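>>> Return a 3D structure for these sequence lines:
(one chain, ligands or ions: 1)
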Amino acid sequence: MNSSSILLELKKIFPAKNILIDEPMKNHTTFQIGGPADFVVIPENQKQISHLIACLPNTDFFVIGNGSNLLVSDKGIRGVVIKINNNMNKITQNNNTLICQSGALLSRIASFALKCGLGGFEFAAGIPGTLGGAVVMNAGAYGREIKDVVVQTQYIDFCGNIRQVTQHDFGYRTSIFSDIKAIITECTLSLHQKNKDEIKAEMLKLAQQRRSKQPLEYCSAGSIFKRPQGSYAGKLIEDAGLKGYRIGGAVVSDKHCGFILNDDNASFDDVMSLIKHVQSEVYKKFGVHLDTEVKICGL
Ligand SMILES: Cc1cc2nc3c(=O)[nH]c(=O)nc-3n(C[C@H](O)[C@H](O)[C@H](O)COP(=O)(O)OP(=O)(O)OC[C@H]3O[C@@H](n4cnc5c(N)ncnc54)[C@H](O)[C@@H]3O)c2cc1C
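As a prediction, the model looks like this:
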């Protein structure tokens, strides 16, 4: 299907304000890097997503949430990017569970849980992603992961069927959704009753820790590498003498060496070259291969 036929179909499903054409992906990633996507669509409900999949059967789709774990090529992304964000962010409480649409930010879910007096989600308050992205990544911090709270996920498969899973095959920064193509639309979180002051105190403590250790004032995708077994990527990178190492506009943070920052209009190639340099130096010095945690897309 050519671009004008795709656009015709998109216009049948989405209001004009929810269709972005030739849209720079740097506007949709926390790295602020990435060339144009042919189309970005921002659904408001599940029905629009099912229609989209049904009406464009041979089109490439790529799903994003808050773009906080993405490194997108300067060439951009061909096909249709489906952005699940605050247009789909309803949260409802049912006793000790929260039923959340996947576009809800983790920070918002954490505030909602606090208001309900429900504990168990404090660890996620400072992770700058949506629930959908967090389930795909099994996002985690401070010894806890999304796998500890998600009990059910609803998604639309790439044939347009609405499905549910309770077994997520979670691993370290992986889930069943690392392998199957799907658009996550809703998750059920199981939390527990907790004193609101204690929840608040825990959230404040973790936010302070994050601020003191992470370069939050810069554009990045968080930790660029997965934690290797028995060590920390940031420590190995620092011990390899790479603190502050720069290629073009991309630089290894001197506050947290596991972060690569877009310090000065970094290009995709700047970041990729820096990733490869870091991997090769760390391997030479310590024999450890650093796998990327960030999802590299649009190659
Ligand atoms: C400053 C900073 C700090 C961070 N700290 C942490 C941390 O402490 N712990 C941690 O684990 N991560 C951390 N991250 C990384 C990131 O926030 C998480 O991986 C987050 O879960 C990604 O969510 P997202 O909505 O931004 O997903 P995106 O980056 O948009 O996408 C990530 C992956 O999920 C897929 N995806 C997104 N939404 C959906 C959906 N609805 N349906 C299907 N697939 C979907 C995408 O295709 C992609 O493969 C940090 C990032 C930054 C910038």
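
>>> Which parts of the stretch 151-299 of the chain are helices?
For the stretch 151-299 of the chain, applying DSSP state H, counting those that start in this stretch gives helices covering 196-213, 233-239, 268-286.

>>> Stretch 72-92 and the ligand, are they touching?
Yes. Judged by CB under 6 Å from any ligand atom, stretch 72-92 and the ligand are in contact via residue 84. Bear in mind the C-beta positions are built from the backbone N, C-alpha and C, glycine included.

>>> Any idea how far apart the tips of that stretch sit?
Distance across stretch 72-92, first residue to last, is 33 Å (CA to CA, to the nearest Å).

>>> What mean pLDDT does that stretch get?
Mean per-residue pLDDT for stretch 72-92: 97.

>>> Would you mind listing the buried residues in it?
Residues of stretch 72-92 classed as buried: 72-74, 76-77, 79-85, 88-89, 91 (neighbour count, 16 or more other CB atoms under 10 Å).

>>> now that stretch, how far from the centre of its chain.
In terms of CA atoms, centre = their mean, to the nearest Å, the centre of stretch 72-92 is set 10 Å apart from its chain centre.

>>> quick one: terminal-to-terminal distance for stretch 15-24?
Start-to-end, stretch 15-24 (CA to CA) is 20 Å.

>>> Could you do stretch 250-269 as well?
End-to-end distance of stretch 250-269: 9 Å, with CA to CA as the criterion.

>>> quick one: is that stretch near the ligand?
No. Using CB under 6 Å from any ligand atom, we find that stretch 250-269 stays clear of the ligand, coming within 7.4 Å at best.

>>> where's that stretch relative to the chain centroid, distance-wise?
18 Å.

>>> Run through who's touching it.
If you take CB atoms under 8 Å, 6 or more residues apart in numbering as the criterion, stretch 250-269 is touched by 31-35, 71-75, 213-215, 218-225, 232-235, 237-238, 242-246, 248-249, 270-271, 273-275, 278.

>>> Whichever of these end up buried, select them in ChimeraX.
To isolate the buried ones among the contacts of stretch 250-269 in ChimeraX, judged by 16+ other CB under 10 Å, type:
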select :31,32,33,34,35,71,72,73,74,214,215,218,220,221,222,223,224,225,233,234,237,238,242,243,245,246,249,270,271,274,275,278
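
>>> Next step: the contacts of stretch 250-269 restricted to strands.
71-72, 219-223, 246 (DSSP state E).

>>> what's the farthest-apart pair in those residues?
Taking CB to CB as the measure, the ones in strands among the contacts of stretch 250-269 span a maximum distance of 20.9 Å, between 72 and 246.

>>> near the ligand, which residues of the stretch 1-150 of the chain show up?
Proximity of the stretch 1-150 of the chain to the ligand (CB under 6 Å from any ligand atom) is limited to residues 30, 63-70, 84, 102, 127-130, 132-134, 136-137, 139-141.

>>> give me phi/psi at residue 169?
Backbone torsions for residue 169, taken as degrees, to the nearest 10, come to phi 50, psi 40.

>>> Helices along the stretch 1-150 of the chain, start to end?
3-13, 46-55, 106-116, 131-137.

>>> closest one to residue 40 among those helices?
That would be helix 3-13 among the helices of the stretch 1-150 of the chain, by CB to CB, at 10.2 Å.

>>> Summarise which helices and strands that closest one is packed against.
Using 3 or more CB pairs under 8 Å, 6 or more residues apart in numbering; DSSP states H and E as the contact test, the elements touching helix 3-13 are strand 19-24, strand 36-41, helix 46-55.

>>> Now render these as a markdown table, adding mean neighbour count and mean pLDDT.
Formatted as a markdown table, those follow (neighbours: other CB atoms under 10 Å; pLDDT from 0 to 100):
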| stretch | mean neighbour count | mean pLDDT |
| --- | --- | --- |
| strand 19-24 | 17 | 98 |
| strand 36-41 | 22 | 98 |
| helix 46-55 | 18 | 95 |
